[in-house]
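Asker: next come a sequence and a model predicted from it.
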Amino acid sequence: KVIKRMEAGDFSDFGPDGEYDYIAMTYSQVNTEGSKKMNALLKAPKGKLITILDESHNAAGTDSNQGENIAKLIDAEVSKGVLYLSATWAKTPDQMAIYHRAFGEGMSTDEINLAFTRGGVAMQEMTVASMADKGAYVRREQSFANVSFTRKKTTTPREVAAETEKAEKTMELVRDILSLGGKANDAVKTVDIEVDASAAFGDELDDKGNAVTASIDKPESPFSQVHNYVNAFLTSLKADIAANDAIEAIKKGVKPVIVIQNTMGSAIDQLIESGAAKIGEGFGGSFADVLDMMLEKILIMPVKNNFTGKKSSVKVPLSSFPPAFQAEFKALKAKIKQTEFKGMPFSPIDYIANKIKQAGYSMGELTGRDKYLDYGDLKDGKPTLKMKEIGNQADYRKNTINEFNNGTTDAFLFNVAGATGMSIHSSVDFKDQRQREMIILQPFGDINKFMQAIGRIHRVGEIVTESAVTNRIEGKPATYGYPSYKYLQSSLG
């Protein structure tokens, strides 16, 4: 009834003489074209609304229904004023236009977009400083004055030698794969390879009712995905150390929180799809399988629909390549399979969880994956591949967080699924108020998500003022916005 009156321009239900003081909505309620609730809001008397956008970065962007709807809502003809709330508001130039009410009059959204595209980070910094000076931008930042940031580096000669041996072994195979990937790209340029258009575009027909054809488009550089495999290598390499650090933290009366980016969930799905793994059976996968997947991906080529121009990708059968290439591919696959990667678990998350369990403790996990390896249930010496019992996602998330905060579980592990909207600090409101320590096993590539993640254990209302953050990944700029702005140097050089 209230919405119907709003649609008619009657807002008498709100204000001093009305029943309600404010209107609360979620972004999901305005992410469709012609949103009923948004259209009702837009009927408000001119200049009578004060719009507050919490987590305003979620409203940014001009190429979505949500972005367009919010832009209409904050227009000066509708909203008298706008308050933006966000810890990571200034992400990319195209998202800055949503803040035009804070910049003052005189620039269109297109001009704002262009200015920040050309000006880059320097432009953002200058704008923020100017806005703060004028009172249009208020910083309400959680102080990190008592937070300890450290980095742990492998230093003993024995550990350094072991890491070096594994790295050299891995990178030799990676270099071989990259070299063969280049040959695969050269081959599709010179050899007439027939593309299975149906694999890429289904049963799509051309204007004459015939099945569309497809051709191989410009191949992607084999180097484009190397960083993903390097990250997987480093995470697997440090899994045992991270687990030991977590156990030591628990013994000291501290609750460890482990941060990781990749769950290896998609890799497990690929092995299931290929028939190499089955739910309920022993999982024989190793880090060698990760490299084998990297090898198989060099056969995946971008293709173009010859009728519509649409692009997709298909895996070209090995038999379509020249005999010499086929021989090299098979030889390298055999070399990968024969390489031993001792002490490098396929699933670092499950390895860590099991080691913590063996020490007599427990760990909650919030990653969104639906399968796991049970290293505590071996079949023929191999961890059993199982489905996670999650049920309702919202209930699972809530229960996992609560169990950590009330002391049911001792440790916590999360990826981007837990980077926002979660409090796991030593709060006055939580039963378990032990100090938290964050072990960053694998930092996120997105600085915004990473900054959100480190704030999960350092929040308003905490009992212990010193939350420790220890970085476990060597060899990349894991500072990602840390006050010290230091870059890590791996023992591998």
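Answerer: Yes, it's here.
Asker: may I have the phi/psi pair for Asp186?
Answerer: phi -70, psi -40 (degrees, to the nearest 10).
Asker: correction: the previous question concerned Thr308.
Answerer: Dihedral angles (degrees, to the nearest 10) for Thr308: phi -100, psi -20.
Asker: that one: neighbour count?
Answerer: By other C-beta atoms under 10 Å, the residues close to Thr308 number 11. For every residue, glycine as well, the C-beta is placed using N, CA and C.
Asker: state the distance from it to Lys218.
Answerer: Distance, Thr308 to Lys218, by C-beta to C-beta, to the nearest Å: 17 Å.
Asker: then Lys36?
Answerer: Distance from Lys36 to Lys218, by C-beta to C-beta: 45 Å.
Asker: which strands and helices sit next to the longest strand along the chain?
Answerer: With secondary structure taken from DSSP state E, the chain has its longest strand at strand 371-379. Where contact means 3 or more C-beta pairs under 8 Å, 6 or more residues apart in numbering; DSSP states H and E, strand 371-379 is packed against helix 265-274, helix 348-358, strand 382-387.
Asker: which outside residues touch that strand?
Answerer: 265, 268-269, 279, 281-283, 345-347, 349-351, 353-354, 357-358, 383-388 (C-beta atoms under 8 Å, 6 or more residues apart in numbering).
Asker: what does stretch 87-107 give?
Answerer: Taking C-beta under 8 Å, 6+ apart as the rule, stretch 87-107 contacts 56-57, 59-63, 67, 70-71, 74, 76, 79, 81-82, 84, 109-110, 112-113, 115-117, 124, 127-128, 131, 136-137, 448, 451-452, 455.
Asker: filter those residues down to the ones in helices?
Answerer: Using DSSP state H, the members of these that fall within helices are 67, 70-71, 109-110, 112-113, 115-117, 124, 127-128, 131, 448, 451-452.
Asker: what count of nearby residues applies to Gln326?
Answerer: 13.
Asker: check Arg397 too.
Answerer: Arg397: 17 neighbours (other C-beta under 10 Å).
Asker: same deal with the one 10 residues further on?
Answerer: Here the number of neighbours of Gly407 (other C-beta under 10 Å) works out to 13.
Asker: surely it forms part of a helix?
Answerer: No: under DSSP: H, G, I helix; E, B strand; the rest coil, Gly407 sits outside any helix and is assigned coil.
Asker: on that earlier part again, which among the ones in helices among the contacts of stretch 87-107 end up buried?
Answerer: 67, 70-71, 112-113, 115-116, 124, 127, 131, 448, 451-452 (16 or more other C-beta atoms under 10 Å).
Asker: and the least confident of those residues?
Answerer: Among those, Asn448 carries the weakest pLDDT, at 77.
Asker: let me see the contact set for it.
Answerer: His57, Thr88, Lys91.
Asker: for Lys255, state which of the residues you listed is nearest.
Answerer: Thr88 (25.5 Å; C-beta to C-beta).
Asker: which strand or helix spans that closest one?
Answerer: Counting by DSSP states H and E, there is no helix or strand that carries Thr88.
Asker: what does Thr235 give?
Answerer: helix 226-251.
Asker: can you show me the strands along this protein?
Answerer: Going by DSSP E, the chain shows strands at 49-54, 79-85, 148-151, 214-216, 255-259, 300-305, 311-315, 363-366, 371-379, 382-387, 411-414, 436-440, 468-471.
Asker: give me the nearest residue to the residue sitting nearest the centre point of the chain, chain neighbours excluded.
Answerer: With distances taken as C-alpha atoms, centre = their mean, Val416 lies nearest the centre of the chain, 4.5 Å away. Leaving aside its sequence neighbours, Val416 sits nearest to Lys449 (C-beta to C-beta, 6 or more residues apart in numbering; 5.5 Å).
Asker: distance of the one you found from Leu366?
Answerer: 14 Å.
Asker: ok, the two, which is more surrounded?
Answerer: Per other C-beta under 10 Å, whichever of Lys449 and Leu366 has more neighbours is Leu366, with 20 against 17.
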